[in-house]
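In: the following block contains a protein sequence and its predicted model.
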Amino acid sequence: MTKIYTMTSHQIRQAFLDFFRSKEHLIVPSAPLVAKNDPTLMFNNSGMAQFKDFFLGNGTPPSRRIADTQKCLRVSGKHNDLEDVGFDTYHHTMFEMLGNWSFGDYFKKEAITWAWELLTEVYKLPKDRLYVSVFEGDSKDGVPFDQEAWDLWKPIVGEDRIILGNKKDNFWEMGDTGPCGPCSEIHIDLRPASEVAEISGKSLVNNDHPQVVEIWNLVFMQFERKADSSLVPLPATHVDTGMGFERLCMAVQNKTSNYDTDVFQNTIQVLETLSGKTYGAGIEPFADIAMRVIADHIRAVAFAITDGQLPSNVKAGYVIRRILRRAVRYGYSYLGFQEPFFYKLVAVLADQFKDVFTELKTQEEFVTRVILEEEKSFLRTLESGLKRLDVIINSLKEKGVGVIAGQEVFELSDTFGFPVDLTALIAREKGFQIDETGFQDALAEQKKRSRQDAAKEATDWIELREADGVEFLGYDFEETHSHIIKYRKVKTKAGEEYHIVLDRTPFYAEMGGQVGDTGVLIIDNGLENGKKVIQIVDTKKENDLFVHISRDKDLDDALQRAGIIVAKIDETRRDRIKSNHTATHLMLSAMREVLGTHIGQKGSFLNDEVLRFDFSHFSKVTDEELVKIEDRVNQKIREDIRLDERRNVPIKQALEQGATATFGEKYGDFVRLIIFDPAYSFELCGGTHAPSTGKIGVFKFISEGSVSAGVRRVEAVTGAKALEIMRQQEETLNKIKDLLKNPTDLVKAVEGLLDERTNLQKRIVSFENEKIRTLKSELIANVKKHSTFNLIVEKVDVPSAESLKQLSYELRDQVENLIAVFGAEIAGKPQLSVFIAENIVQETGLNAGKIVKDLAKEIRGGGGGQPYFATAGGSDASGLDTALEKAKGLF
């Protein structure tokens with residue numbers, strides 16, 4: 001049945017933006033879900049993430065008052081809500097954060113009064129159900145009680161509705177370092193009147209009650225947390241507010257669960273139809289949990305893919321894959337979905353957000369196909385995991401053990417991708433338990449190893465001089481005269497690095513797929529020992545800072561005493577990078593001509609050696625298509641088209657003119673256009689480029705393949721590197737000709753060799769089969785007969801390990817109740833095999849896998865397999881005879 005709301009979620013969102021527009025706030029679009037240029041974040045986990053630089057004084061906001069709705073994701077690090085999702089009614093992975101911001105403009109008074117006005121006069125929330133909190137102070141950090149906030153709230157709500165909050169609840173910090181400050185939270189009590197009459201909502205605030213929840217957090221940014229945990233005042237005070245959109249909808253629409261609002265109900269209704277189950281019926285609690293999990297997770301996965309983060313096995317990609325698999329697994333376990341279903345929800349989501357986050361609707365087909373392929377892959381993984389779990393459980397049954405070891409549970413999770421709670425569920429169904437403590441120990445050990453591998457310790461920035469900002473001059477200059485603003489030392493696994501920030505720099509910082517520049521900083525004054533040359537091995541962008549990285553030793557004195565320095569990039573390397581970047585633009589346009597206009601960039605990497613490009617396409621690019629693309633690019637190179645670069649173009653104007661933008665990138669109000677013939681290549685781009693296409697020289701593909709579902713990857717080279725590879729290929733071809741005595745038709749000669757090889761292989765197989773037939777007859781003649789079984793233990797001469805299996809199975813068909821143990825030396829390596837007739841395995845409990853593992857000790861090896869057939873390899877062939885003698889004593 002269609003659910004009717006007095007105020008829809010779309011209206012609620014728009015009312016927020018309209019309210020703050022009326023308060024002279026600039027309304028800005030959401031940043032991509034995937035964090036860019038911030039090494040402390042994997043995903044944007046709060047509304048303030050995209051404004052972090054403004055709080056730190058590293059950039060200038062487009063307005064001193066801003067409001068927006070930001071896509072956020074909290075699934076890793078300090079802010080990790082993943083395991084709560086589905087089990088309660090108000091936690092989410094991806095959520096919208098409504099926020100209003102003041103950058104050195106208004107402060108606590110306006111933030112508090114406007115929040116109250118919006119909630120009670122626009123949204124009409126009942127005043128007697130709202131509570132607020134203020135920071136009680138913290139002596140350790142030297143931060144006093146927030147008297148100002150208390151005094152502002154008191155005449156609005158009265159003392160009895162103000163709660164003192166500790167550092168955990170009322171001092172907001174983005175992470176271990178960065179902007180922070182005291183906050184006032186606004187909570188609402190959504191319980192029925194009968195419950196409110198019995199227990200005051202004030203006592204339930206911040207106590208995880210599902211109907212007494214925080215809806216808005218007003219953060220008063222006053223400090224920056226340093227690496228040594230100290231607090232220092234920010235250059236100016238700011239306001240950072242965040243209101244959970246989904247919780248706000250729950251309050252305005254008078255619901256007791258976020259999932260009962262129209263934000264999620266469209267998705268849940270589709271799940272009801274697909275599964276045949278009714279949400280909220282109270283019959284199957286885990287079915288309700290599954291629907292909440294899936295309705296939440298589809299948002300996180302779909303928007304992450306839309307913003308450029310594909311599922312993978314590393315970093316952010318692994319997080320998205322984990323969320324997707326959690327949703328699929330809940331559907332598999334509790335809703336009966338044995339076939340892909342998750343992808344069917346993309347269309348519902350795309351329609352719901354088509355007027356808010358339009359990028360999902362634009363990429364609907366691509367996102368749907370990526371999710372479908374991921375689902376298929378994971379369902380295969382689930383099948384493999386179930387088979388492995390069956391083997392473990394059957395083995396435990398034989399031993400009379402009722403608990404699955406934690407290490408085996410971890411192996412199922414880590415190696416097979418099999419979720420631990422699904423392991424526990426299946427184990428319970430079969431009368432077993434899992435060793436949860438052992439699993440957690442194994443998991444903790446893995447996390448410890450990961451932390452050690454990624455260990456990175458940074459000192460605070462050492463400030464050397466004031467600067468209004470960092471100016472990048474690398475589009476026009478290869479060398480600049482600059483001042484050092486600040487530096488810090490960073491300890492990494494590879495050693496100590498110096499991170500150096502200049503007031504002006506020609507060094508391009510890694511972004512947009514283009515690597516950072518290398519070069520030198522030359523200090524030629526202020527030093528007693530003369531000129532100091534500092535090697536820069538990389539340049540990274542951290543928020544809006546260009547960070548020059550050096551691994552030189554003991555630079556503190558030189559950096560602190562430096563006056564004007566010379567910053568000089570490696571021009572030869574930069575020129576090769578520029579050629580590769582320009583070639584990438586030409587290639588994308590050629591791809592869209594040859595393969596279709598659906599082609600979109602999904603990732604790129606380019607340095608001075610190679611360009612790598614990931615793009616949306618659902619089939620292999622054929623050799624013929626690659627040739628067409630390559631020819632088209634080289635044609636444009638020969639045309640020597642001059643670069644038409646346009647800076648500070650209004651983004652709306654650029655897009656209206658037909659410029660190509662990359663989904664998932666955050667663009668400002670003004671952009672840079674890179675054009676090589678407006679009718680051919682016309683892109684938004686911040687990278688460095690060749691002055692004309694002729695400078696590229698030549699373009700050559702070197703590989704094409706699949707990255708993930710719906711995404712292909714090509715690699716190519718240009719200029720001197722392309723010539724080098726062509727010469728290597730020519731040299732290889734000439735060597736093959738020499739080996740074949742310079743045939744007139746090389747292809748025909750190689751085909752002849754392959755045909756001859758195939759015929760010889762067939763003859764070898766025939767000879768081997770004949771040899772095994774002869775061997776089999778000899779072994780049958782020497783069978784040792786026992787009362788309940790027939791035994792063969794022999795050292796045999798066979799060509800491969802597969803021959804041992806063939807021999808064993810053929811003997812099984814001719815010898816009843818067979819136990820056969822064979823040893824062989826194959827290509828200088830010892831091999832063992834154990835075969836036990838299935839009826840003997842069932843009657844006696846003998847296990848070929850266990851037996852072969854024991855025998856393998858004699859050849860310094862290991863192995864395993866099924867209870868009825870198993871093999872082992874080793875490194876000491878001299879132990880074969882001992883192993884076979886040992887086998888004779890076992891039966």
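Out: Looks like it arrived, so ask away.

In: make it CA atoms for all contacts and neighbour counts henceforth
Out: Will do.

In: which parts of the stretch 101-250 of the chain are strands?
Out: According to DSSP state E, counting those that start in this stretch, the stretch 101-250 of the chain carries its strands in the segments 130-135, 162-165, 171-173, 178-189, 212-225, 231-244.

In: E478 contacts K568, correct?
Out: Yes - contact criterion C-alpha atoms under 8 Å: E478 and K568 qualify, at 6.0 Å.

In: the more surrounded of these two?
Out: K568 (23 against 18; other C-alpha atoms under 10 Å).

In: which strand or helix spans the more buried one?
Out: strand 565-569 (DSSP states H and E).

In: packing partners for that strand?
Out: For strand 565-569, the contact count by 3 or more C-alpha pairs under 8 Å, 6 or more residues apart in numbering; DSSP states H and E identifies strand 479-482, strand 519-523 as packing neighbours.

In: just put those strands in JSON lines and tack on mean pLDDT and distance to D53.
Out: As requested, the helices and strands packed on strand 565-569 are exported to JSON lines (pLDDT from 0 to 100; distance: least, C-alpha to C-alpha, whole Å):
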{"stretch": "strand 479-482", "mean pLDDT": "95", "distance to D53": "22"}
{"stretch": "strand 519-523", "mean pLDDT": "95", "distance to D53": "25"}
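
In: quick one: which of those strands is nearest T693?
Out: Among the helices and strands packed on strand 565-569, the nearest to T693 by C-alpha to C-alpha is strand 479-482 (23.7 Å).

In: toward the C-terminus, what is the element adjacent to the closest one?
Out: strand 484-492.

In: tell me which strands that next one pairs with, and in which orientation.
Out: Next to strand 484-492 in the sheet, as set by DSSP bridges, lie strand 456-458 (antiparallel), strand 462-463 (antiparallel), strand 495-502 (antiparallel).

In: which residues outside the shortest one are in contact with it?
Out: It stands for strand 462-463. Residues from elsewhere that reach strand 462-463 (C-alpha atoms under 8 Å, 6 or more residues apart in numbering): 485-488.

In: residues in contact with stretch 292-309?
Out: 32-34, 73, 85-86, 92-94, 259, 264, 267-268, 310-311, 316-317, 320, 323-324, 327-328, 330-331, 342, 345-346, 349, 359-360, 363, 367, 602-603, 663-665.

In: just the ones of those residues in strands?
Out: Applying DSSP state E to the contacts of stretch 292-309, the entries found in strands are 73, 94, 602-603.

In: report the buried members of those residues.
Out: Neighbour-count burial (16 or more other C-alpha atoms under 10 Å) applied to the ones in strands among the contacts of stretch 292-309 gives 73, 94, 602-603.

In: D151: which of those residues is nearest?
Out: Using C-alpha to C-alpha, those come closest to D151 at L73, 34.5 Å.

In: returning to what we had before: put the buried members of the contacts of strand 462-463 into a ChimeraX selection.
Out: Here is the ChimeraX command that selects the buried residues among the contacts of strand 462-463 (16+ other C-alpha under 10 Å):
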select :485,486,487,488
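
In: out of the contacts of strand 462-463, who's nearest E794?
Out: Nearest member of the contacts of strand 462-463 to E794, counting by C-alpha to C-alpha, is R488, at 69.5 Å.

In: the closest one bridge partners, please.
Out: H499.

In: and the gap between it and T480?
Out: If you measure R488 against T480 using C-alpha to C-alpha, to the nearest Å, the figure is 22 Å.

In: just D240 next, same as before
Out: Counting by C-alpha to C-alpha - D240 and T480 are separated by 37 Å.

In: more neighbours: the two, which one.
Out: Higher neighbour count among D240 and T480: D240, with 26 against 20, using other C-alpha under 10 Å.

In: any idea which element the closest residue to P340 other than its chain neighbours lies in?
Out: Spatially, and ignoring its direct neighbours in sequence, P340 is nearest to E375 (5.7 Å; C-alpha to C-alpha, 6 or more residues apart in numbering). Assigned by DSSP H and E, E375 belongs to helix 364-399.

In: tell me what that helix is packed against?
Out: Using 3+ C-alpha pairs under 8 Å, 6+ apart, helix 364-399 sits against helix 285-306, helix 315-334, helix 346-352, strand 403-404, helix 406-416.

In: got the angle for it vs helix 285-306?
Out: 130 degrees (axes from the mean of the first three to the mean of the last three C-alpha atoms, to 10 degrees).

In: and the angle from helix 364-399 to helix 315-334?
Out: Relative orientation of helix 364-399 versus helix 315-334 (the same axes, to 10 degrees): 70 degrees.

In: centre of the chain to helix 364-399, how far?
Out: Centroid separation for helix 364-399 versus its chain: 20 Å, with C-alpha atoms, centre = their mean, to the nearest Å.

In: try stretch 259-269
Out: 27 Å.

In: next: stretch 630-638.
Out: On C-alpha atoms, centre = their mean, the centre of stretch 630-638 falls 35 Å from that of its chain.

In: buried residues in it?
Out: Quick answer for stretch 630-638 (16+ other C-alpha under 10 Å): 630-637.

In: got the CA positions of it in CSV?
Out: Output in CSV follows, covering the C-alpha atoms of stretch 630-638 (Å, rounded to 0.1, in the frame of the first residue of the first chain):
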residue,chain,number,x,y,z
GLU,A,630,45.5,3.5,-32.0
ASP,A,631,45.4,4.7,-35.6
ARG,A,632,43.0,7.5,-34.7
VAL,A,633,45.3,8.7,-31.9
ASN,A,634,48.3,8.6,-34.1
GLN,A,635,46.4,10.6,-36.8
LYS,A,636,45.7,13.3,-34.2
ILE,A,637,49.4,13.3,-33.2
ARG,A,638,50.5,13.8,-36.8
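
In: about what we covered before: could you identify which of the helices and strands packed on helix 364-399 is most buried?
Out: Highest mean neighbour count among the helices and strands packed on helix 364-399 (mean count of other C-alpha atoms under 10 Å): helix 285-306, with a mean of 24.

In: show the pLDDT at the residue nearest to C249 when sequence neighbours are not counted.
Out: Nearest non-adjacent residue to C249, counting by C-alpha to C-alpha, 6+ apart: S9, 6.1 Å away. At S9, the pLDDT value in this model is 96.

In: just A236 next, same as before
Out: 82.

In: try L807
Out: Predicted confidence (pLDDT) for L807: 91.

In: now for the helix or strand where it lies, which elements pack on it?
Out: According to DSSP H and E, L807 maps onto helix 801-812. Contacts defined by 3+ C-alpha pairs under 8 Å, 6+ apart place helix 801-812 against helix 746-781, strand 818-826, strand 829-836.
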